[in-house]
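[1] my questions concern the predicted model and sequence given below.
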Amino acid sequence: MSSTAIRRIMYDPIDRELWVTFVSGRQYVYFDVPPEKFSAFSHAESRGGFFNREIRDHYGCREILTPHRQAS
């Protein structure tokens with residue numbers, strides 16, 4: 001499903017990391033996400049809604065900063 005907020009999601013089942021790229025270009029990695037949660041996320045009717053309900057504030061994360069976005 002397409003999303004107006006989320007550009008792409010990727011999942012690493014070995015490390016249980018969920019990578020989320022937003023349409024703004026910001027990218028985050030979420031830790032210890034179960035594979036079932038990723039499957040539900042990838043098939044959700046509204047990825048933005050699912051993210052807000054089931055991912056954000058439920059898993060530890062960090063923002064991935066690209067070189068042009070890092071503080072000097």
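    Looks like it came in fine.

[2] give me the low-pLDDT residue ranges for this structure?
    1-3, 67-72 (pLDDT under 70).

[3] now do the strands in it.
    Applying DSSP state E to the chain gives strands spanning 6-12, 17-22, 27-30, 61-64.

[4] looking at the ones you listed, which is nearest to S46?
    strand 6-12 (9.7 Å; CB to CB). For the C-beta atoms, the positions are set from N, CA and C on the backbone; glycine is no exception.

[5] residue closest to the middle of this protein?
    Centroid-nearest residue in the chain, with CA atoms, centre = their mean: V20, separated by 2.6 Å.

[6] that one bridge partners, please.
    Taking DSSP bridges as the rule, V20 bridges to I9, Y28.

[7] now do the contacts for it.
    Going by CB atoms under 8 Å, 6 or more residues apart in numbering, V20 touches 6, 8-9, 27-30, 51, 55.

[8] can you check R7 too?
    Residues in contact with R7, defined by CB under 8 Å, 6+ apart, are 21-23, 25.

[9] residue boundaries of the helices in this protein?
    35-42, 47-50 (DSSP state H).

[10] isn't R8 up against T21?
    Yes. Shown here, R8 and T21 form a contact pair, counting by CB atoms under 8 Å, at 4.4 Å.

[11] could I get the contacts of R7 as JSON lines with distance to S42 and neighbour count?
    As requested, the contacts of R7 are arranged in JSON lines below (distance: CB to CB, whole Å; neighbours: other CB atoms under 10 Å):
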{"residue": "T21", "distance to S42": "14", "neighbour count": "15"}
{"residue": "F22", "distance to S42": "16", "neighbour count": "15"}
{"residue": "V23", "distance to S42": "17", "neighbour count": "12"}
{"residue": "G25", "distance to S42": "21", "neighbour count": "9"}
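
[12] picking up where we left off before, and the contacts of V20, which are buried?
    Among those, those scoring as buried are 6, 9, 27-30, 51, 55 (criterion: 16 or more other CB atoms under 10 Å).
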